[in-house]
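[1] Pasting the sequence and the predicted coordinates here, then a few questions.
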Protein chains: 2
Amino acid sequence: MLSDTSLHHLDISHIRSSCASCSLRELCLPVGLNEQEVQVLGDVVSSKRKVQRGGYLHRTGTKFQSLFAIRSGFLKTCVLEQDGRQQVTGFHMTGELLGLDAISTDIHTCDAIALEDSEVCEIPFAKLEEISRTIPSLMRHFHKIMSREIVRDHGVMLLLGSMKAEERLASFLLNLSRRFLMRGYSESEFNLRMTREEIGSYLGLKLETVSRAFSKLQDENIITVDNKHIQINDLARLKIKMGNSSCVT
Amino acid sequence: MLSDTSLHHLDISHIRSSCASCSLRELCLPVGLNEQEVQVLGDVVSSKRKVQRGGYLHRTGTKFQSLFAIRSGFLKTCVLEQDGRQQVTGFHMTGELLGLDAISTDIHTCDAIALEDSEVCEIPFAKLEEISRTIPSLMRHFHKIMSREIVRDHGVMLLLGSMKAEERLASFLLNLSRRFLMRGYSESEFNLRMTREEIGSYLGLKLETVSRAFSKLQDENIITVDNKHIQINDLARLKIKMGNSSCVT
DNA sequence: TATCCATTTTGATTCAGATCAATCAAAGCA
DNA sequence: TGCTTTGATTGATCTGAATCAAAATGGATA
């Protein structure tokens, strides 16, 4: 259902970075590059930037210059309408690439806000396009990342268009679980970085509904909730929750 | 709100195509290329393909080879879950590019089905990547198209996550209206190519709700509905319908 | 430590949209 | 020409989530 933008499941352990300002190893871009190519890429990834919890990485309407690769931390992206309506379009963690939406018009179409102190590498997009001409595998990889974002969004559309509250939450938790696992963390126990309201915005639900769905899953002993701390007790049953509204008793 | 994938609002009238099999002029790709570059691109756009109404352009799970640029006609794309749940992810018309989701894994992640007899140009993706290395403006443009698709999807997410039935339908109609206008057709009068059920699937509503929303807008004299034929009587009021659930009486 | 504010949980009530069902219209076909 | 199928409309009823409201919890800070 929900997938994500990074390619961390690919093996990048063989890559050594020679970039001074920013360890390329941790980025999602250098997959499959040789030593020399990584060096070229290193020159592109110009600078490291820190964003405090609550701070903006970029704002809607501002000029687009660079993509941002998350080195550490946790961010949300959200779009807002003129009438004040707001929607969280994604939660983003280490290794993922932000700013892809802005390529279209050279203007950022969403806000990116840190949900905890975060660190990103800035990747000037013009330079990235430039060198991707000489490194086909980099270009290829970049296209896959963009495409993956489209696939992810289609998954969210399916979720928003056809799932019930509890299914949406199950889907959301399983998505987080898998992404934590891919990064070497526990898949069954983690801390949420976002509020119930932010989860609700992402899932198209009100915060009270999110809270009730948490409580319901806890009552069924599928998860244990302690405020932001989540323990998944029964991954299998959580998966069942996600995908069978139509055939459940 | 809902945007689309093409770049037809850009002026491409100066472009003359020398491609035998397929008039490039109508595609979304050759924007801003010179004569010689268009010729190079022409060699890439290998073949024209017809898809009958109801026929598949591509199916979920099949190997990805090519993007498809729509020359004429109207198609829908839809994703489906193992449990049979289905969701229309988009409606696509002349000049738009299909298949972007498949770049990610080299496998199509959605079905593309013609809603009327359609014609597409097949663009082998490997070749497109190849020549985009030598034509920077083409690469640039391709990136913008992908990014635009992401922005479009975010718009749909906002719609599905926070709009009421009537607002969703208004947004949908306005989106179609604008796209018809861009292609030189009437913005106030057109025929829908899809059923109420398909509209419902796209908008996260049941077909009865779509039908009721049509009737409601008609009762208010904002549109006139005759089965698939839609006349927009008051574009301004339709726009108001779209964006003010929170502040309306 | 006490206070304040944000967040979360839970309950009661309401409502928009789903569901169930009937009717109607148009299109294809024997 | 009647028959069947598909799609659209409309009505009645039901239900899941929103809304309104209150209480509980937690974290930050003076």
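    All right, it came through fine.
[2] anything in the host helix or strand of residue A:140 near chain B?
    In the assignment (DSSP states H and E), residue A:140 maps to helix A:136-162. Yes: residues of helix A:136-162 contacting chain B under Cβ under 8 Å from any Cβ of the partner chain: A:136, A:139-140, A:143-144, A:146-151, A:153-158, A:160-162. Every C-beta, even on glycine, is put in place using the N, C-alpha and C of the backbone.
[3] now stretch A:56-71
    No: Stretch A:56-71 stays clear of chain B (Cβ under 8 Å from any Cβ), getting no nearer than 9.5 Å.
[4] separation between the residue nearest the centre of chain A and residue A:82?
    Centroid-nearest residue in chain A, with Cα atoms, centre = their mean: residue A:92, separated by 2.7 Å. Distance, residue A:92 to residue A:82, using Cβ to Cβ, to the nearest Å: 25 Å.
[5] Tell me the buried residues in the helix holding residue A:140?
    Residues of helix A:136-162 classed as buried under the neighbour-count rule (16 or more other Cβ atoms under 10 Å in any protein chain shown) are A:138-162.
[6] following it, which helix or strand shows up next?
    For helix A:136-162, the following helix or strand on the C-terminal side (DSSP H and E) is helix A:165-182.
[7] Quick check: phi and psi at residue A:52.
    phi -70, psi 150 (degrees, to the nearest 10).
[8] Give the residue spans of chain A that score low on pLDDT.
    For chain A, the stretches flagged by pLDDT under 70 are A:1-28, A:30, A:46, A:244-249.
[9] what do you get if the cut-off is 90, keeping everything else the same?
    Across chain A, residues meeting the criterion (pLDDT under 90) sit at A:1-48, A:80-86, A:137, A:243-249.
[10] now the strands: where do they sit in it?
    A:47-51, A:56-58, A:66-80, A:86-93, A:97-98, A:111-124, A:189-191, A:223-226, A:229-232 (DSSP state E).
[11] So which bits of the first one are buried?
    Judged by neighbour count using 16+ other Cβ under 10 Å, the buried positions of strand A:47-51 are residue A:51.
[12] what does stretch A:187-204 rub up against?
    Contact partners of stretch A:187-204, identified using Cβ atoms under 8 Å, 6 or more residues apart in numbering or on different chains, comprise A:74, A:76, A:78, A:86-91, A:115-116, A:159-160, A:165, A:168-169, A:172, A:176-178, A:180-181, A:205-207, A:209-211, A:214, A:228-233, A:235, B:160-162.
[13] repeat that for 7 Å
    A:74, A:76, A:86-88, A:91, A:115-116, A:160, A:168-169, A:172, A:176-178, A:180-181, A:206-207, A:209-211, A:228-232, A:235, B:160-162 (Cβ atoms under 7 Å, 6 or more residues apart in numbering or on different chains).
[14] now swap in stretch A:212-231 and tell me
    Taking Cβ under 7 Å, 6+ apart as the criterion, the residues outside stretch A:212-231 that touch it are A:165-166, A:169, A:173, A:188-192, A:232-234, A:237-238, A:241.
[15] In contact with the closest residue to residue A:124 other than its chain neighbours, which residues?
    Leaving aside its sequence neighbours, residue A:124 sits nearest to residue A:66 (Cβ to Cβ, 6 or more residues apart in numbering or on different chains; 4.9 Å). Neighbour list for residue A:66: A:99, A:122-125 [criterion: Cβ under 7 Å, 6+ apart].
[16] Around DNA strand D, which positions in chain A sit nearby?
    A:164-166, A:204-206, A:208-209, A:227 (Cβ under 7 Å from any atom of the strand).
[17] follow-up on the earlier one: how many neighbours does the residue lying closest to the residue nearest to the centre of chain A once chain neighbours are set aside have?
    Closest residue to residue A:92 apart from its sequence neighbours, by Cβ to Cβ, 6+ apart: residue A:75 at 4.8 Å. Residue A:75: 25 surrounding residues under other Cβ atoms under 10 Å in any protein chain shown.
[18] Is it correct that residue A:75 is in contact with residue A:119?
    No: because the distance of 10.7 Å does not satisfy Cβ atoms under 7 Å, residue A:75 is recorded as not touching residue A:119.
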